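1. A predicted structure for the sequence below; I have some questions about it.
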Amino acid sequence: MASYLKFFQKNHVFSIYMKQNMIKSKSFSAIAVLILFSLLVTLSTNCKKEKIFTDSSATLNFSSDTLIFDTVFTTIGSTYRRFTVRNPYNQKVIINNIKLNSGTRSSFRINVDGIPTVNINDVEIAAKDSIFIYAEVTIDPNNTLNPFVVEDKVTFNTNGNIQEVLLSAWGQNAYFHYNEVVCNENWANDKPHVLYGITAVGFPGIDSNCFLNIPDGTEIYAHNDAVLYVYKSSININGVEGNEVIFRGDRLEERYEDAPGQWFGIRMFQPTESFINHAIIKNGTVGIWIDTANGTDKVNINYTISGNHNYSSLFCQGANIVAENSLFYSSAVHSALLNIGGSYEFNHCTFANTWANTTRTTTLLKLNNYFLGSDNVIYHRPIVKATFNNCIIHGDKENELEIDTLATTTPNYNFNYCVLKTNINTNNNHFPNIRKNGNPRFSSTSSFNYHIGSSSAAKDYSDPLFPPTGGDDLDGEFRTAPNDAGCYEHIP
């Protein structure tokens, strides 16, 4: 305001005008005074400082909290996306800092309202206004040293309130599946497949009775929290010995090789007849989750390894499963949870758990036949059968078996020729032949090697009425009579 007054005082604009025209009319003088007053009021109003919203609760609105660069490049490529940052308040907001987290090392670059930068301070957004931020990425998708998904974040600090926008781009040549429904597809195995979000074989309200066939040698890398979801459809994983289908997280750094919880897992609801053959499923939250049987349709699991998950290697709820020559190993809660009834048959399988990442207080194997509904009523769902033939159930706890069943019906479970670590009473018909608390002599639990030694309690211990299909073990080694319990035959 002072600068405007000085301007008038110095230049005498109004007084000169009056003198030059020798205006002495009282009426005109009155008008002139009004004009001058109006100008001064206007200048005074313009001189008031615009209010700034400085509350620590300041929250910006973004047009998107995740920017997906979903172009699959075949050569070195660059592409850009943009998002808007909106000030929802009736006062101006000053963003104290906007930065690209990885700075100049990032594969991304950002432009904040026309200014290229990786770190900028004091960005103003007028009341109810917005700014544009452009993000660009350049990637060589043929560089196998790149991770499959390249990510960075743009961080906003507004009055101490931190918000982030995720930038995500494909880092290698692969088949990318981003929140999509696949139906009646045969995946190729010439490039890896990357799962991002939900990849669904059928989906509620969209499709069902679909199939997905995955051939031998296919490598499937799943991004954080990604899930392969099978809804009232079938999945056929067709690996072969020595050329398995591999499911794992998409982080390729060495420190992620055995890090659990990198993705969700395979989730199946009322699956139609399905086959999981020669698969390796690791480092998720749940390896295989099968919920609710679809009539007589089964999920057949053969020569498969599932382990090192944040919850369970095999999680079933009222499912129908036949599994053979398979390994379900260390997970944070259970190696196998057979929950809310169902029908289960396991032949020559190993269930092991020596989880060391956190303290495990649960048994590695649990059977249950009821659940508490949302109406606070207990519902019973029978265990049609749960048979374990020629299996190993062993871990580092004193008791590794929990039978949690209601007495409304006699639960139908049976452990036959099994090496079983437990402290429960086994003097009944549910345990016709077991080696209770026998030591399987695993080769190295710390490196997840569950082959058995020559002095193993599982050696030469099996029921000949349940020979494995094909006559070989998980490694493809031919079993010789008498067979060994568990998924591996001891080879001298």
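-> Yes, it's here.
2. just for the stretch 101-250 of the chain, where's the confidence low?
-> Nowhere does the stretch 101-250 of the chain drop to pLDDT under 70.
3. can you pull out the strands in it?
-> Applying DSSP state E, counting those that start in this stretch to the stretch 101-250 of the chain gives strands spanning 108-112, 115-117, 119-125, 130-139, 149-158, 161-170, 175-182, 185-186, 193-201, 211-215, 219-222, 227-231, 234-238, 245-249.
4. so how far is the shortest one off the chain centroid?
-> Strand 185-186 has its average C-alpha position 23 Å from the chain's average C-alpha position, going by CA atoms, centre = their mean, to the nearest Å.
5. partners of that strand in the sheet?
-> Strand 185-186 sits in its sheet next to strand 211-215 (parallel), going by DSSP bridges.
6. you'd agree Pro411 is in a strand?
-> No - judged by DSSP: H, G, I helix; E, B strand; the rest coil, Pro411 forms no part of a strand; its state is coil.
7. and it, what does it touch?
-> 367, 369, 382-383, 386, 403, 405 (CB atoms under 8 Å, 6 or more residues apart in numbering). (C-beta placed from N, C-alpha, C; glycine too.)
8. same deal with Glu477?
-> The contact partners of Glu477, taken as CB under 8 Å, 6+ apart, are 488-489, 491.
9. Go again with 10 Å.
-> 241, 451, 471, 488-491 (CB atoms under 10 Å, 6 or more residues apart in numbering).
10. Give me the buried entries from those residues.
-> Buried by 16 or more other CB atoms under 10 Å: 241, 451, 488-490, out of the contacts of Glu477.
11. Distance to Arg479 and secondary structure for those - can I get that in TSV?
-> Formatted as TSV, those follow (distance: CB to CB, whole Å; DSSP: H, G, I helix; E, B strand; the rest coil):
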residue	distance to Arg479	secondary structure
Glu241	14	coil
His451	14	strand
Tyr488	10	coil
Glu489	5	coil
His490	10	coil
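12. do you know which of the strands of the stretch 101-250 of the chain lies nearest Thr285?
-> strand 227-231 (8.9 Å; CB to CB).
13. Does anything pack onto the closest one? Which helices or strands?
-> Other elements packing on strand 227-231 under the criterion 3 or more CB pairs under 10 Å, 6 or more residues apart in numbering; DSSP states H and E are strand 175-182, strand 193-201, strand 211-215, strand 234-238, strand 265-269, strand 286-291.
14. With just CA atoms, put the last one into CSV.
-> Read it as strand 286-291. Below are the C-alpha coordinates for strand 286-291, written out as CSV (Å, rounded to 0.1, in the frame of the first residue of the first chain):
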residue,chain,number,x,y,z
VAL,A,286,-0.4,-67.7,1.3
GLY,A,287,1.0,-70.1,-1.2
ILE,A,288,-2.2,-71.9,-2.3
TRP,A,289,-5.6,-70.8,-0.9
ILE,A,290,-8.5,-73.0,-1.9
ASP,A,291,-12.0,-72.0,-0.6
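15. and it, which strands flank it?
-> Note on strand 286-291: by DSSP bridges, its sheet partners are strand 265-269 (parallel), strand 312-324 (parallel).
16. How about the longest one?
-> Using DSSP bridges, strand 193-201 pairs in its sheet with strand 175-182 (parallel), strand 219-222 (parallel), strand 227-231 (parallel).
17. one step back: from the contacts of Pro411, which ones fall inside strands?
-> With strands defined by DSSP state E, the entries of the contacts of Pro411 inside them are 367, 383, 386, 403.
18. Scan the residues you listed and report the most crowded one.
-> When neighbours are counted by other CB atoms under 10 Å, Ala386 leads the ones in strands among the contacts of Pro411 with 24 neighbours.
19. I'd guessed it sits against Ser343; true?
-> Yes - counting by CB atoms under 10 Å, Ala386 touches Ser343, with 7.8 Å between them.
20. so what sits against both of these two?
-> Common neighbours of Ala386 and Ser343 (CB under 10 Å, 6+ apart) are 316, 321, 412.
21. I'd like to know which of those residues are buried.
-> Neighbour-count burial (16+ other CB under 10 Å) applied to the shared contacts of Ala386 and Ser343 gives 316, 321.
22. can you redo the shared contacts of Ala386 and Ser343 as TSV with distance to Ser444 and pLDDT?
-> Listed next are the shared contacts of Ala386 and Ser343 as TSV, based on distance: CB to CB, whole Å; pLDDT from 0 to 100:
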residue	distance to Ser444	pLDDT
Cys316	28	97
Ile321	28	98
Asn412	36	91
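23. Closest to Thr359 out of the shared contacts of Ala386 and Ser343?
-> Nearest to Thr359 among those, with distances taken as CB to CB, is Cys316, at 24.6 Å.
24. count of neighbours near Phe358?
-> Small correction: residue 358 is Thr, not Phe. For Thr358, the neighbour count with other CB under 10 Å is 10.
25. What's the first helix or strand after whichever strand or helix holds Tyr344?
-> Assigning secondary structure by DSSP states H and E places Tyr344 in strand 334-347. Per DSSP H and E, strand 334-347 leads on to strand 350-353 as the next helix or strand towards the C-terminus.
26. For that following strand, which residues meet the burial criterion?
-> 350-353.
27. Show the low-confidence segments of the stretch 251-400 of the chain, by residue range.
-> Going by pLDDT under 70, which is the cut-off in play, the stretch 251-400 of the chain has no low-confidence ranges.
28. Could you report the separation of the closest residue to Asp122 other than its chain neighbours from Ile162?
-> Residue nearest to Asp122 in three dimensions, not counting chain neighbours: Ile94, with 5.7 Å by CB to CB, 6 or more residues apart in numbering. To Ile162, Ile94 is 15 Å away according to CB to CB, to the nearest Å.
29. who's more crowded, the two?
-> Taking other CB under 10 Å, Ile94 and Ile162 do not tie; Ile94 has more neighbours (16 against 9).
30. pretty sure that one belongs to a helix, no?
-> No - read with three-state DSSP, Ile94 is strand and lies in no helix.
31. Contacts only, for Gly453.
-> 439-443, 459, 490 are the contacts of Gly453 under CB under 10 Å, 6+ apart.
32. Who does Lys92 form a beta bridge with?
-> Ile52.
33. how close does the residue nearest to Asp122 get to Val165?
-> 19 Å.
34. circling back: mind putting the helices and strands packed on strand 227-231 into a markdown table with mean neighbour count?
-> Shown next, in a markdown table, are the helices and strands packed on strand 227-231 (neighbours: other CB atoms under 10 Å):
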| stretch | mean neighbour count |
| --- | --- |
| strand 175-182 | 18 |
| strand 193-201 | 23 |
| strand 211-215 | 19 |
| strand 234-238 | 21 |
| strand 265-269 | 23 |
| strand 286-291 | 25 |
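35. out of those, which comes closest to Glu253?
-> Closest approach to Glu253 among the helices and strands packed on strand 227-231 is made by strand 193-201 (15.9 Å; CB to CB).
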